[in-house]
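In: The following block contains a protein sequence and its predicted model.
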Amino acid sequence: MVTDAKRPEPDEAAADKKKKFLVLLTAGLVSSLIMLDSNIVAVSLPSIAKTLGANFTEIEWVVSAYVLTFAALLLAAGSYADRHGRKLATLIGLAVFTVASGLCGLASTALMLNLARALQGIGASLLLTASLAIINHAFAGAERARAYAFWGACLGIAITGGPIVGGVITDLFGWRWAFLINLPICTVLFVAAAAVLTESRDPDAKRLDLAGILTFSSGLFLLIWALIDGTGAGWTSAAILGRIAGSAALLSAFVAIELRQARPMVDFRLFRQPTFLGAAFAMLGYAAGAQVLIFFLPLYLQNTYGFAPAAAGLAMLPFALPMFLTPRLGAGLATRHSGRTLLALGLATTVGGDLLLWAFASAHAAYPLFLAGMLVAGAGAGLLNSETAKVMQGAVPVQRAGMASGLSATTRFVGLLLGVAGLGAVLSHGVTQRFVAAGAALGLDPGVAAAAARRVASGDTAGVLGAVPAGLQAQVHAAAAGAFAGGFAAASLVAAAVAAIAGVLAFALVREADTAPVKGAGVGANLVAAME
C-alpha cells in the first residue's frame with residue numbers, strides 16, 4: 001500500500017514541470033512583445049508617413065531608431081542582467097517599454113516619434129537579453145533544445161499575428177494605437193514576470209563596461225546614420241565619409257578596450273572558434289537576408305498592389321505563417337541532423353525565397369504569384385529563427401548566459417539594422433531612379449519628380465497624386481507602383497546575395513561534431529506539451 005508520505009515525489013516533479021513551463025511561457029511572451037511591436041509598426045509605416053508628412057529617411061528612422069538603441073545596448077543589457085539579476089532586468093525593461101510606447105502613441109512629429117522609439121529600444125534590449133538568459137539558466141540538454149523551439153514558436157506567433165493586428169488597428173483606430181496597445185500588454189507581462197520568474201545572476205559578473213558601451217554604441221550609430229543618409233547626401237560627401245571614418249575609429253577602439261578587459265563585455269576569443277564564427281555569419285545572413293523583409297514587405301504590398309493596412313496584414317500571412325510553423329519542423333529535424341546542416345538548409349531556402357521575390361517583383365507579377373516567393377522566404381526565416389540562437393548560445397559557457405544572449409541578439413539585430421539601412425538605401429535609390437525617369441516621360445519637371453519620388457518611397461503615393469493634374473493621375477500612379485516594385489526587386493536581389501555569402505561561410509566554418517543532433521529535441525510540438 002502506498003502511503004501519503006511517499007507521494008510528494010511525483011507531485012514535486014509535476015509542480016517543477018509546471019513552474020518551468022510558466023517561466024518559459026513568460027520569457028517567450030516577453031521576447032515576443034519585441035517582435036510584435038516591430039511587425040505592428042511595419043504595417044503602419046505608410047500611414048505614419050501620411051499623417052506626419054515624413055519622407056523615406058524619416059520613415060527608416062522609425063524602424064532604425066528602435067533597432068539602433070536596441071542593438072547598441074544589448075551587450076550592456078546582457079552584462080547588467082548577469083550582474084544585477086535577470087528578473088530585475090526584465091521588470092525594468094517592461095517599465096521602460098511601457099512608458100516609451102505611450103510616448104510613441106502621443107508623438108506629433110516624426111522627430112518625437114523617433115526619439116520615443118529609441119527609448120523603446122532601450123527597454124527592448126533589457127527584455128530580450130534577460131529572457132534568453134533566463135531560458136539558458138533554467139534549462140539544459142534536450143530540455144533547452146525544446147525550450148528554444150518553444151521560444152521560436154512564441155516569436156512565430158507574434159510574427160504571424162503582428163501584421164494582421166497592426167493592419168486592423170491602423171484601419172479601425174489609427175496608427176497611434178499600434179503603440180498604445182502595448183500598455184495593457186506590458187502591464188499583464190509585468191505582473192506575470194514579478195510572480196513567476198525567480199532571480200538568477202552570474203556570481204562572477206563585474207561592473208558595467210562603460211567605455212565599451214560608449215564606443216560600441218557611438219560607432220554603430222555613426223555607421224547606421226551614414227547608411228541611411230548616404231543616398232540623399234551622396235556616398236562620397238564629406239559628411240558621409242566622416243561618419244564612416246568616425247564609426248571605424250570608435251569600433252576599433254571598442255575592440256581594443258575589450259581585449260584589455262579581464263572579463264570583457266564581448267569575449268573576442270569566441271571568434272577563434274569556427275563554430276561560433278560560422279553561427280555569427282549565419283545570424284547576420286538570417287537578419288539581413290530574411291528577417292529584414294518584415295519591414296519592407298508591408299511597404300511593397302501597400303505601394304505596389306494598393307492594399308489597405310488591414311489587407312496588407314492579411315497578405316503578409318504567406319511570409320509570416322511559415323515563420324511560425326517551421327521552428328516546429330526544425331525541432332524535429334534537430335533530432336536527426338546537425339546544427340550545421342540546418343543552418344545551411346535555412347540559408348539556402350532564404351536565398352531561393354529572395355530570388356523568387358526579385359523575379360516576381362521585377363516582372364510586376366500579380367499577388368497570387370508573388371506569395372509563392374513569400375512562402376519560401378518565410379520558411380527559410382522560420383528555420384533560422386531559433387536555430388541560429390541555439391547554435392550560438394551552445395558555443396558559450398553557461399555561466400555567461402547573459403553575455404551569450406547579449407552577443408547572440410546583438411549579432412542578429414546589428415544584421416537587421418544593417419539590412420534595414422543598406423537595403424533601404426538600395427530600395428530608395430531604385431524607386432527614385434525609376435520614378436524620375438518615368439516622370440520625365442510623362443512631362444513632369446525633374447525637380448518635382450525627384451521630390452515626388454521621395455514621397456513614393458515612403459508610401460505617400462496618395463499625396464503625390466493630389467499634386468498632379470487629374471489627367472495624369474492614372475499614369476503617375478502606375479509609374480509609382482512600377483518604381484516601387486523595381487526598387488524592391490533590387491533590394492531582394494541584394495538580400496539573396498547576403499544570405500548566399502552567409503550560407504557558404506556558415507557551412508565552411510560550423511563543425512558537424514559541435515552541433516550534433518540532440519535526442520529528444522523534437523518533443524513538444526505544441527505549446528502545452530512543450531515541457532513534457
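Out: It's in. Numbering: from 1, shown residues only.
In: For the stretch 401-532 of the chain, just list every one of the strands.
Out: Counting by DSSP state E, counting those that start in this stretch, the stretch 401-532 of the chain has no strands at all.
In: Tell me where it has helices.
Out: 401-442, 446-458, 461-465, 473-509 (DSSP state H, counting those that start in this stretch).
In: For the longest one, which helices and strands make contact with it?
Out: Packing contacts for helix 401-442, counted by 3 or more CB pairs under 8 Å, 6 or more residues apart in numbering; DSSP states H and E, involve helix 56-84, helix 110-138, helix 210-233, helix 274-286, helix 293-304, helix 367-394, helix 446-458, helix 473-509. Every residue, glycine included, has its C-beta placed from N, CA and C.
In: and what of the last one?
Out: Other helices and strands packing on helix 473-509, by 3+ CB pairs under 8 Å, 6+ apart, are helix 274-286, helix 293-304, helix 339-362, helix 401-442, helix 446-458, helix 461-465.
In: can you tell which of the ones you listed is closest to Ser252?
Out: Across the helices and strands packed on helix 473-509, Ser252 has its closest neighbour in helix 401-442 (16.0 Å, CB to CB).
In: one step back: could the helices of the stretch 401-532 of the chain go into JSON lines alongside mean neighbour count, mean pLDDT and distance to Lys20?
Out: Output for those, formatted as JSON lines (neighbours: other CB atoms under 10 Å; pLDDT from 0 to 100; distance: least, CB to CB, whole Å):
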{"stretch": "helix 401-442", "mean neighbour count": "24", "mean pLDDT": "79", "distance to Lys20": "16"}
{"stretch": "helix 446-458", "mean neighbour count": "20", "mean pLDDT": "74", "distance to Lys20": "46"}
{"stretch": "helix 461-465", "mean neighbour count": "19", "mean pLDDT": "67", "distance to Lys20": "50"}
{"stretch": "helix 473-509", "mean neighbour count": "21", "mean pLDDT": "90", "distance to Lys20": "31"}
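In: ok, Phe507 - contacts?
Out: Under the criterion of CB atoms under 8 Å, 6 or more residues apart in numbering, the neighbours of Phe507 are 278, 340, 343-344.
In: repeat that with 7 Å
Out: Residues in contact with Phe507 (CB atoms under 7 Å, 6 or more residues apart in numbering) are 340, 344.
In: same question, Ile92
Out: Contacts of Ile92 by CB under 7 Å, 6+ apart are Leu126.
In: chain center to stretch 164-184, what's the gap?
Out: 19 Å (CA atoms, centre = their mean, to the nearest Å).
In: same thing with stretch 361-377?
Out: Averaging C-alpha positions (CA atoms, centre = their mean) puts stretch 361-377 22 Å from its chain's average.
In: related to what we said a few turns ago, just so I know, which of the helices and strands packed on helix 473-509 lies nearest Ala490?
Out: Closest approach to Ala490 among the helices and strands packed on helix 473-509 (CB to CB): helix 401-442, 4.3 Å.
In: got the helices and strands packed on helix 473-509 as TSV, with distance to Gly230 columns?
Out: Shown next, in TSV, are these (distance: least, CB to CB, whole Å):
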stretch	distance to Gly230
helix 274-286	20
helix 293-304	18
helix 339-362	22
helix 401-442	6
helix 446-458	14
helix 461-465	24
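In: still on that earlier bit, could you export the helices and strands packed on helix 401-442 as CSV, including distance to Leu91?
Out: As requested, the helices and strands packed on helix 401-442 are exported to CSV (distance: least, CB to CB, whole Å):
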stretch, distance to Leu91
helix 56-84, 11
helix 110-138, 9
helix 210-233, 21
helix 274-286, 28
helix 293-304, 28
helix 367-394, 23
helix 446-458, 37
helix 473-509, 36
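In: Which of these sits closest to Thr326?
Out: helix 367-394 (3.2 Å).
In: ok and the top helix by length along the chain relative to helix 401-442, angle-wise?
Out: If you go by DSSP state H, the chain has its longest helix at helix 8-52. Put simply, helix 8-52 runs at 30 degrees to helix 401-442, going by axes from the mean of the first three to the mean of the last three CA atoms, to 10 degrees.
In: which helices and strands sit right next to helix 8-52?
Out: Contact partners of helix 8-52 among helices and strands, from 3 or more CB pairs under 7 Å, 6 or more residues apart in numbering; DSSP states H and E: helix 56-84, helix 110-138, helix 141-172, helix 177-180, helix 182-196, helix 293-304, helix 309-315.
In: so which of the helices and strands packed on helix 473-509 comes closest to Leu210?
Out: Checking the helices and strands packed on helix 473-509 against Leu210 by CB to CB gives helix 401-442 as the closest, at 15.4 Å.
In: List the buried residues of stretch 354-365.
Out: 354-361, 365 (16 or more other CB atoms under 10 Å).
In: Need the contact partners of it.
Out: Outside stretch 354-365, the residues that touch it by CB under 7 Å, 6+ apart are 289, 369-370, 372-373, 376-377, 482, 485, 488-489, 492-493, 495-496, 499.
In: how about a cut-off of 8 Å?
Out: With CB under 8 Å, 6+ apart as the criterion, stretch 354-365 contacts 289-290, 293, 300, 304, 369-370, 372-374, 376-377, 481-482, 485-486, 488-490, 492-493, 495-496, 499.
In: next one: that stretch to chain centre, how far?
Out: 23 Å.
In: try stretch 118-130
Out: 13 Å.
In: Flag whichever of the helices and strands packed on helix 401-442 has the least confidence on average.
Out: Within the helices and strands packed on helix 401-442, confidence is poorest for helix 446-458, with a mean of 74 (mean pLDDT).
In: Remind me what it packs against, helices and strands.
Out: Going by 3+ CB pairs under 8 Å, 6+ apart, helix 446-458 lies up against helix 8-52, helix 56-84, helix 401-442, helix 461-465, helix 473-509.
In: hmm, 6 Å instead?
Out: If you count contacts as 3 or more CB pairs under 6 Å, 6 or more residues apart in numbering; DSSP states H and E, helix 446-458 packs onto helix 56-84, helix 401-442, helix 461-465.
In: Compare the helices and strands packed on helix 401-442 and give me the one nearest Lys50.
Out: When the helices and strands packed on helix 401-442 are compared (using CB to CB), the closest one is helix 446-458, at 8.7 Å.
In: between the closest one and helix 293-304, what angle do the directions make?
Out: 130 degrees.
In: quick one: contacts of helix 446-458?
Out: Identification of contacts with helix 446-458 by CB atoms under 6 Å, 6 or more residues apart in numbering yields 49, 55-56, 59, 428, 431-432, 435-436, 439, 463-464, 480.
In: Okay then, goodbye and thanks.
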